[in-house]
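**Student:** just coords:
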């Protein structure tokens, strides 16, 4: 019973805190669409493989260049200056594969039909680097991301260009050499990058109209 009362109290407090904005605005803006991007720096990713791989003369793992990643992006404006979102995608490169899911928050500065956004996000993903034979390095990681974007929108569509910096914090390393021998002592490495992305959203991008005191 006490837990129900506490939950009810939390709901009432939340509704009270957001009541002025909820009463003043119509439904918020939102959108869903494709995203495509690439890593610009470093020229070859990652910055550094684990020492055990770098020092192994028989390892032929190569750092990635010419990558591309793509996926689905979604965004929801929680208010005039707050936006949350999530995106899921895949990354491809020579002997490289990545899968990721991230959640974002952005602070919004609006100028007519253009939004300028500043924020970041967190999530989880997996890198896989492949070499000849059975050699492979799999790196589950947690991305820490900062970004700045410019978004041009009309009533139902939006076009967003994003510059981002990201540090992939590895949770583990799973390494298998050319002959299929698994080495669980591999660790370290530096997985940081700067990149650029383009996203197109489809949804409702008409800013809500403020209401008068009498609801008109």
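**Tutor:** Done, it's in. The shown structure was predicted, so the numbers you read here are calculated from the model rather than taken from an experiment.
**Student:** thought residue 100 was touching residue 89?
**Tutor:** Yes. Counting by CB atoms under 8 Å, residue 100 does reach residue 89; the two are 6.0 Å apart. To be clear about C-beta, it is placed using only N, CA and C from the backbone, and glycine gets the same treatment.
**Student:** overlap of the contact sets of these two?
**Tutor:** 69, 71 (CB atoms under 8 Å, 6 or more residues apart in numbering).
**Student:** please report how far the residue most central in space within the chain lies from residue 72.
**Tutor:** Residue closest to the average C-alpha location in the chain (CA atoms, centre = their mean): residue 102, at 4.0 Å. From residue 102 across to residue 72, the span is 12 Å (CB to CB, to the nearest Å).
**Student:** so for those two, which residues contact both of them?
**Tutor:** By CB under 8 Å, 6+ apart, the residues touching both residue 102 and residue 72 are 87, 88.
**Student:** so where's the chain shaky on pLDDT?
**Tutor:** 1-27, 210-216 (pLDDT under 70).
**Student:** all helices for it, in order.
**Tutor:** Under the criterion DSSP state H, the chain carries helices at the ranges 2-24, 51-54.
**Student:** who's in contact with the last one?
**Tutor:** Okay, so that is helix 51-54. Residues from elsewhere that reach helix 51-54 (CB under 8 Å, 6+ apart): 48, 59, 61, 137, 175, 183, 185, 186, 187, 188.
**Student:** how about the backbone phi and psi for the residue nearest to the third one when sequence neighbours are not counted?
**Tutor:** I take that to be residue 61. Of all residues not flanking residue 61 in the chain, residue 131 sits nearest, at 4.6 Å (CB to CB, 6 or more residues apart in numbering). Residue 131 adopts backbone torsions of phi -120, psi -170, taken as degrees, to the nearest 10.
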